[in-house]
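Participant: Okay, predicted coordinates and the sequence, questions at the end:
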Amino acid sequence: MEQISVKIDGEKVVCEKGITYYELAKQTGHADAMVAKVDGVINELCKTAESGNRISFCPYQDKDGRRAYVRGLTMVMLKAFYKEAPKDLFEKVTVEYALDSGYYCTLRGMEVTKELLDRVSQRMKRYIAEDVIFEKKSLSVSKAIRLFEAKKMYDKSRLLRYRRSSRVTIHKLGKVMDYFYGPMPYSTGCLDKFRLEPFESGFVLIVPKEEDPKHLPGFVPSHKLFHTLETAAKWGVQLEVENVGQLNDVIVNGGMRDLMLVQEALHEKEIGQIAEQIASSKEVQVVTIAGPSSSGKTTFSYRLSAQLKTLGLKPHPVALDDYFVNRVDTPKDKDGKYNYECIEAIDTKQFNKDLELLLGGEEVQLPTYNFITGKREYNKPKLKLGPDEILVIEGIHGLNDKLTEKISKDNKFKIYISALTTLNIDDHNRIPTTDGRLIRRIVRDARTRGHSAQKTIAMWKSVREGENANIFPFQEKADAMFNSSLIYELAALKTYAEPALFRVPMDSEEYAEAQRLLKFLDYFLAINPEEVPLNSIVREFIGGGILLE
């Protein structure tokens, strides 16, 4: 038998020609692999190894392994629903958005009951025990469109109409055929950890956390977050843009300007409602705004301040960064680098003291943090609050009560902001919120900081760890939530993001992620970014706005 050599995690391995990555994974102690990273690109394990391949295997703990797991489990779930749901009632399952440890899904045409979910779960377990292989089938785009239209899966047929290549890969599980964005696991046998649980009018598909693949966590829903997502999803229904295919239809039919104006009007209406909540309470003197990276916090704070002014209030911005402790006193992370994201990096004692004095009618000189010297300086004019004046504080710890522990709850109003994407690729392929924020950040970092997409992607893991520790645990404590995502934004960001992603070197660790994002952006038709309204949150990332320039 002819042999070839490959490298697995940098080590040379000799194997038989024609061996699959699945067989190679089992032979080399990587039986838990979901997919393989081959020459910087994520591949399914059914593919055949070639001489000279650089391979690393991705288990569940790897983000690409987990994505494949969820994708495969979703197809198993769909197959089970097709068998167990009454055919005269059941229309479709839609995977809506991530929620805590699971994915919120809805049924159309029938009610979700525990009895139905139990039957579906049992059938899923049978399919998993049978260890059915996920097959791949290459079809012409025209044939795939006819296939999905015959199955009344119009979300998929509409999406494929805008596909530039002539062929498309369809996944097959038994007799069920579907289209999924990204690679599948080799077979169903590895998908044994899941739970279906009723929630609100739908249900949640619960999976293990990335760091603990052997155990299923409890489901602790964030009700405020869910209702914010639900509101955004209803906007999509109202605007008839629930998926990328519908968005592309709007673009080609010349309806983008109207869509932009309606979306921005909805944003402005919601910001105005939050301002009215603040103004209606005569005791509120401190507004804090917090949210994860690239949520549009700065633009939101400007627009909120404008709305507060229309209600007779005079907002004063306070930058939390100015209360960093001196650099020599800044805590360090596990890698020995300064950790500016933990709350101990903020002089909360001085911050609370200054707030107490201001709210007590005293005149206070607020600090400025000098990022060059790493020390606080006092060179601002002194501030004294009048009867209709209010502080607007934007910063990562705005929802953490420790930040403002000396200030009465009645005097505070806390706002959580995030770009909570509810637009889907199609009914079975959701768009992760973090992908939208990462693309926003790639575009902004390139424009304002001169950072390459490679550098932004490399930093993203630590950014996410900071969010998980310092923001997400406190989001339910917010008095109001604002979703800064816009249905049209990825079509506008695409023009800037694609060139940056194409520059990521093939031999870099970040290449696979860049390629994944490029494939994702390929679903969208681009729009002229100059048509984006000048006060839009999107302008914080692409530039040219009237609020930050």
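Facilitator: Looks like it came in fine. Numbering: from 1, shown residues only.

Participant: which non-adjacent residue is nearest residue 179?
Facilitator: Distances taken as CB to CB, 6 or more residues apart in numbering place residue 156 nearest to residue 179, at 5.3 Å, with adjacent residues excluded. For glycine as for every other residue, the C-beta is placed from the backbone atoms N, C-alpha and C.

Participant: So that neighbour belongs to a helix, correct?
Facilitator: Yes. Secondary structure of residue 156 (DSSP: H, G, I helix; E, B strand; the rest coil): part of a helix.

Participant: Would you mind measuring from it to residue 417?
Facilitator: Distance, residue 156 to residue 417, by CB to CB, to the nearest Å: 33 Å.

Participant: before we move on, what about residue 466?
Facilitator: Residue 466 is 16 Å from residue 417, by CB to CB.

Participant: Of those two, which one has the most company?
Facilitator: Neighbour count, other CB atoms under 10 Å: between residue 466 and residue 417, residue 417 has more, with 27 against 18.

Participant: For residue 395, give me phi and psi.
Facilitator: According to degrees, to the nearest 10, the main-chain angles of residue 395 amount to phi 180, psi 160.

Participant: Could you check how many residues crowd around it?
Facilitator: Neighbour number of residue 395 under other CB under 10 Å is 20.

Participant: Quick check, pLDDT for it.
Facilitator: Residue 395 is assigned 86 on the pLDDT scale.

Participant: quick one: low-confidence parts of the stretch 101-250 of the chain?
Facilitator: Within the stretch 101-250 of the chain, no stretch falls below the threshold (pLDDT under 70).

Participant: Tell me where it has helices.
Facilitator: 114-129, 141-150, 154-160, 223-239, 244-252 (DSSP state H, counting those that start in this stretch).

Participant: can you list those in a markdown table and add distance to residue 440?
Facilitator: As requested, the helices of the stretch 101-250 of the chain are exported to a markdown table (distance: least, CB to CB, whole Å):
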| stretch | distance to residue 440 |
| --- | --- |
| helix 114-129 | 36 |
| helix 141-150 | 30 |
| helix 154-160 | 23 |
| helix 223-239 | 16 |
| helix 244-252 | 17 |
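
Participant: quick one: which of those is nearest residue 284?
Facilitator: When the helices of the stretch 101-250 of the chain are compared by CB to CB, helix 223-239 sits nearest residue 284, at 18.5 Å.

Participant: okay, the closest one in PDB with CA atoms only?
Facilitator: Below are the C-alpha coordinates for helix 223-239, written out as PDB (Å, rounded to 0.1, in the frame of the first residue of the first chain):
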ATOM      1  CA  HIS A 223     -35.700  36.800  30.500                       C
ATOM      2  CA  LYS A 224     -34.900  40.400  29.800                       C
ATOM      3  CA  LEU A 225     -32.400  39.400  27.100                       C
ATOM      4  CA  PHE A 226     -34.900  37.000  25.600                       C
ATOM      5  CA  HIS A 227     -37.600  39.600  25.300                       C
ATOM      6  CA  THR A 228     -35.200  42.100  23.800                       C
ATOM      7  CA  LEU A 229     -34.300  39.400  21.200                       C
ATOM      8  CA  GLU A 230     -38.000  38.600  20.600                       C
ATOM      9  CA  THR A 231     -38.700  42.300  20.000                       C
ATOM     10  CA  ALA A 232     -36.000  42.400  17.400                       C
ATOM     11  CA  ALA A 233     -37.200  39.200  15.700                       C
ATOM     12  CA  LYS A 234     -40.700  40.800  15.500                       C
ATOM     13  CA  TRP A 235     -39.200  43.800  13.800                       C
ATOM     14  CA  GLY A 236     -37.800  41.300  11.200                       C
ATOM     15  CA  VAL A 237     -41.300  39.800  10.700                       C
ATOM     16  CA  GLN A 238     -42.800  43.300  10.500                       C
ATOM     17  CA  LEU A 239     -40.300  44.400   7.800                       C
END
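
Participant: So what's the gap between that helix and the chain middle?
Facilitator: When distances are taken as CA atoms, centre = their mean, to the nearest Å, helix 223-239 is centred 15 Å away from the chain's centroid.

Participant: number of nearby residues for the residue lying closest to residue 134 once chain neighbours are set aside?
Facilitator: Leaving aside its sequence neighbours, residue 134 sits nearest to residue 184 (CB to CB, 6+ apart; 4.2 Å). Neighbour count for residue 184, taken as other CB under 10 Å: 25.

Participant: Let me see the contact set for residue 184.
Facilitator: Residue 184 makes contact with 44, 68, 71-72, 75, 134, 136, 171 under the criterion CB atoms under 8 Å, 6 or more residues apart in numbering.

Participant: at 10 Å what do you get?
Facilitator: 34-35, 44-46, 68-69, 71-72, 74-75, 133-136, 169, 171, 173 (CB atoms under 10 Å, 6 or more residues apart in numbering).

Participant: Need the nearest residue in space to residue 262, chain neighbours excluded.
Facilitator: residue 239 (6.4 Å).

Participant: From residue 2, how far off is the closest residue in space to residue 380 that isn't next to it in sequence?
Facilitator: Spatial nearest neighbour of residue 380, chain neighbours left out: residue 366 (5.5 Å); criterion: CB to CB, 6+ apart. Distance of residue 366 to residue 2, given as CB to CB: 73 Å.

Participant: Which one's more surrounded, the two?
Facilitator: When residue 366 and residue 2 are compared for neighbours, residue 366 comes out ahead with 19 against 7, by other CB under 10 Å.

Participant: OK, contacts around the more buried one?
Facilitator: Per CB under 10 Å, 6+ apart, neighbours of residue 366: 316, 318-319, 322-323, 351, 354, 358, 376, 378, 380-383, 391.

Participant: Now it: which helix or strand?
Facilitator: Residue 366 is part of no helix or strand, with elements assigned from DSSP states H and E.

Participant: how about it, phi and psi?
Facilitator: Per-residue torsions, residue 366: phi -80, psi 150 (degrees, to the nearest 10).

Participant: Show the pLDDT at it.
Facilitator: 93.

Participant: Over to residue 549?
Facilitator: pLDDT for residue 549: 57.

Participant: ok so, going back, of the contacts of residue 366, closest to residue 518?
Facilitator: When the contacts of residue 366 are compared for distance to residue 518 (CB to CB), residue 319 wins out at 35.6 Å.

Participant: how far away is that closest one from residue 392?
Facilitator: 10 Å.

Participant: more neighbours, the two?
Facilitator: More neighbours surround residue 392 than the other of residue 319 and residue 392, with 21 against 13 (other CB under 10 Å).

Participant: Settle this for me: that one is touching residue 307, isn't it.
Facilitator: No. Using CB atoms under 10 Å, residue 392 is not in contact with residue 307, being 11.2 Å away.

Participant: Now list whatever residues contact both of the two.
Facilitator: By CB under 10 Å, 6+ apart, residue 392 and residue 307 have these common neighbours: 278, 313, 315.

Participant: what residue ranges in the stretch 401-549 of the chain score low on pLDDT?
Facilitator: 549.

Participant: Name the SS class of residue 446, please.
Facilitator: Reduced to three states by three-state DSSP, residue 446 is helix.
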